[in-house]
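1. sequence first, predicted coordinates after that:
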Amino acid sequence: MFAVVAVVVLWTVPRLVPATGTLVVVAAGRSATSLPSSELSLSVGGSWSVVGSVGGNVPAAPDQRQLLEVAIAVGVYEGVRLGTQAEAVRIEVKSGQVTPLLLGIGSGGLLPGAVYAGNDDVNLGLGELAGRFVAMAPFDLTDQAGRPFNLQAIAGKDVVIAAFHTTCHETCPLYTALMLQLSRHKAGTVMLAEVTTDPGTDTPAVLAAYARQVGADWTFATGSEAQVAAFWKPFGVELATGDTHTSTLALIDRHGYIRLVYRGAPKVGNDIPPSLVTTLSPQGLKQLASGGDGWGAPDVLQALSTIGRSEASPEPGGRPAPAFELRTTAGTTVRLADLAGVPLVINFWATYCPPCRAEMPMLDQTVAATAGVRLVLVNEGESAATARAYLAAIGVQRVSLLDADLGVGRAYGVTAYPTTVFVKADGTIDRKQIGQLDPRVLAAELSNLGSQ
């Protein structure tokens, strides 16, 4: 009798089948290319599991080609391996749901950092691969421990990079204080780095001593003069010694694209170690007391929370747009009152801002094709000749206002470039967008402005 019962139990207990979701693998390149047949594996718990073979022709983004559709066990996967190339990426597969995975392909393999999982990231990736964002150029620097600091070292991390050097006593101690603040609140996917502008003085040993002195646990980087100059060139930062310095902070997303540029001195309040206060020059103490240029750790942390998405998180509006009167690159004067009754797209930009260069032609063409809306370009702190030459070089045939002392930018709450402010026909701000505009976000906002 016992044997019969046992058999019945074995047949009536449901078979345990792991829950699965669907992984759809697509590919795109910066230009049309091809991928040799390659084994695709996913990592979970430190082990690799083959999910299939992929290959064939790959179109230029934003077009994409599906390479594979496969059911896999639900869970969180930590990486992708294509052939012998591996990239860290978080892939969350849910029961009964489809998870897209985009592979950026070039030269017959994965592009470094170009693996995107989930709908938002895949949309972001297609924009990045299509050239809507500016990629960091390859660089080859060394950190304070003698380790390479390059594109491979930052891949998979959202990176905050500050220009500094150890013999600067004006804004550089404030940047280090800012980094100390960020280090206490940043997510684990964020990397902090200070890159010198004085490689002749700042050797790895000097940087290591500086890090110990200030209690820093982030990266300090240097290299030869040529290497450091090449690193900072896209940001308009020159090599410097002493207190002469171009104060700059840049945010790079985890796929290696430049998303925001800050200029000037950060606001650090009283949250600065005495060891840094004592290194400040009289001008540095003045910057500390005055709050620098008004942006600080909260602004950077907010930006970090949004740059990994397909569109930046907007700031709400509602207040009247501050009045202004500015000269233009054509030598005329424009007041906000002259533009009353028309919806406005006010774009604050600078020539040293790579995302501004990527965004502006699209912004110019899209607004020009939208009836009843006017684009107002506002250059921050540069000369008429510099702004004119820049606009001509990128094919934008319109004048720009010149905010020489940055006063209008401050009135509009501009802390980083690019920033775009959308103003309704009644003169109130609809919202403010920090960071480079996605074409879809711009189209939606223009539609809203036109209907109000």
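-> Sure thing, it's come through. This structure is a prediction, so every number in the text was calculated from the model and none was measured. Numbers count the residues shown, from 1 in each chain.
2. strands of the stretch 51-200 of the chain, residue ranges please.
-> 65-73, 75-82, 85-93, 98-106, 109-117, 134-135, 140-143, 148-150, 158-164, 190-196 (DSSP state E, counting those that start in this stretch).
3. need these in a markdown table (columns: mean neighbour count and distance to N270).
-> Quick note: C-beta positions are derived from backbone N, CA and C, even for glycine. Putting the strands of the stretch 51-200 of the chain into a markdown table (neighbours: other CB atoms under 10 Å; distance: least, CB to CB, whole Å) gives the following:
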| stretch | mean neighbour count | distance to N270 |
| --- | --- | --- |
| strand 65-73 | 15 | 51 |
| strand 75-82 | 18 | 40 |
| strand 85-93 | 18 | 37 |
| strand 98-106 | 22 | 45 |
| strand 109-117 | 23 | 38 |
| strand 134-135 | 21 | 36 |
| strand 140-143 | 19 | 30 |
| strand 148-150 | 17 | 32 |
| strand 158-164 | 24 | 20 |
| strand 190-196 | 23 | 21 |
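4. in a markdown table: these, plus mean pLDDT and distance to T244.
-> Formatted as a markdown table, these follow (pLDDT from 0 to 100; distance: least, CB to CB, whole Å):
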| stretch | mean pLDDT | distance to T244 |
| --- | --- | --- |
| strand 65-73 | 93 | 52 |
| strand 75-82 | 95 | 44 |
| strand 85-93 | 92 | 39 |
| strand 98-106 | 94 | 40 |
| strand 109-117 | 91 | 34 |
| strand 134-135 | 84 | 27 |
| strand 140-143 | 98 | 22 |
| strand 148-150 | 97 | 24 |
| strand 158-164 | 96 | 12 |
| strand 190-196 | 97 | 14 |
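5. among these, which comes closest to V334?
-> Closest of those to V334 is strand 134-135, at 28.8 Å (criterion: CB to CB).
6. partners of that closest one, with directions?
-> strand 257-263 (antiparallel) (DSSP bridges).
7. export the strands of the stretch 51-200 of the chain as TSV, with columns for distance to T328.
-> Shown next, in TSV, are the strands of the stretch 51-200 of the chain (distance: least, CB to CB, whole Å):
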stretch	distance to T328
strand 65-73	46
strand 75-82	50
strand 85-93	46
strand 98-106	41
strand 109-117	40
strand 134-135	26
strand 140-143	40
strand 148-150	42
strand 158-164	30
strand 190-196	35
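8. quick one: closest of those strands to I346.
-> Distance to I346, taken as CB to CB, is lowest for strand 134-135 among the strands of the stretch 51-200 of the chain, at 21.9 Å.
9. and the strands of the stretch 51-200 of the chain: which comes nearest A416?
-> When these are compared (using CB to CB), the closest one is strand 158-164, at 11.7 Å.
10. what packs against the closest one?
-> Packing contacts for strand 158-164, counted by 3 or more CB pairs under 8 Å, 6 or more residues apart in numbering; DSSP states H and E, involve helix 172-185, strand 190-196, strand 248-252, helix 297-304.
11. pairing partners for it, with directions?
-> strand 190-196 (parallel), strand 248-252 (antiparallel).
12. got TSV for those strands, with distance to R335 too?
-> Output for those, formatted as TSV (distance: least, CB to CB, whole Å):
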stretch	distance to R335
strand 190-196	41
strand 248-252	31
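13. nearest to T222, of these?
-> Of the strands paired with strand 158-164, nearest to T222 by CB to CB is strand 190-196, at 4.8 Å.
14. quick one: contacts of the closest one?
-> Under the contact criterion CB atoms under 8 Å, 6 or more residues apart in numbering, strand 190-196 has outside partners 141, 149, 154, 157-166, 175-176, 179, 182-183, 186, 202, 207, 218-222, 228, 231-232, 304.
15. out of the strands of the stretch 51-200 of the chain, nearest to G395?
-> That would be strand 134-135 among those, by CB to CB, at 16.3 Å.
16. let me see the contact set for V423.
-> Counting by CB under 8 Å, 6+ apart, V423 touches 321, 343-346, 429-430.
17. rerun at 10 Å
-> Residues near V423 by CB atoms under 10 Å, 6 or more residues apart in numbering: 317, 320-321, 336, 339, 342-346, 373-374, 376, 412, 429-432, 449.
18. mind giving me the ChimeraX select for those, buried ones only?
-> To isolate the buried members of the contacts of V423 in ChimeraX, using 16 or more other CB atoms under 10 Å:
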select :317,321,336,339,343,344,345,346,373,376,412,429,430,431,432,449
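19. so of the contacts of V423, which ones are in strands?
-> 344-346, 374, 376, 429-432 (DSSP state E).
20. among those residues, find me the one that's closest to S247.
-> K432 (23.1 Å).
21. find the centremost residue of this structure, please.
-> R259 (3.0 Å; CA atoms, centre = their mean).
22. verify the stated contact: that one with A416.
-> Yes. Using CB atoms under 10 Å, R259 is in contact with A416, at 9.2 Å.
23. who touches both of those two?
-> Common neighbours of R259 and A416 (CB under 10 Å, 6+ apart) are 250-251, 303, 355, 434-435.
24. could you dump the residues you listed to JSON lines with neighbour count and distance to E78?
-> Shown next, in JSON lines, are those (neighbours: other CB atoms under 10 Å; distance: CB to CB, whole Å):
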{"residue": "A250", "neighbour count": "26", "distance to E78": "28"}
{"residue": "L251", "neighbour count": "23", "distance to E78": "24"}
{"residue": "A303", "neighbour count": "22", "distance to E78": "26"}
{"residue": "P355", "neighbour count": "24", "distance to E78": "29"}
{"residue": "I434", "neighbour count": "24", "distance to E78": "31"}
{"residue": "G435", "neighbour count": "25", "distance to E78": "28"}
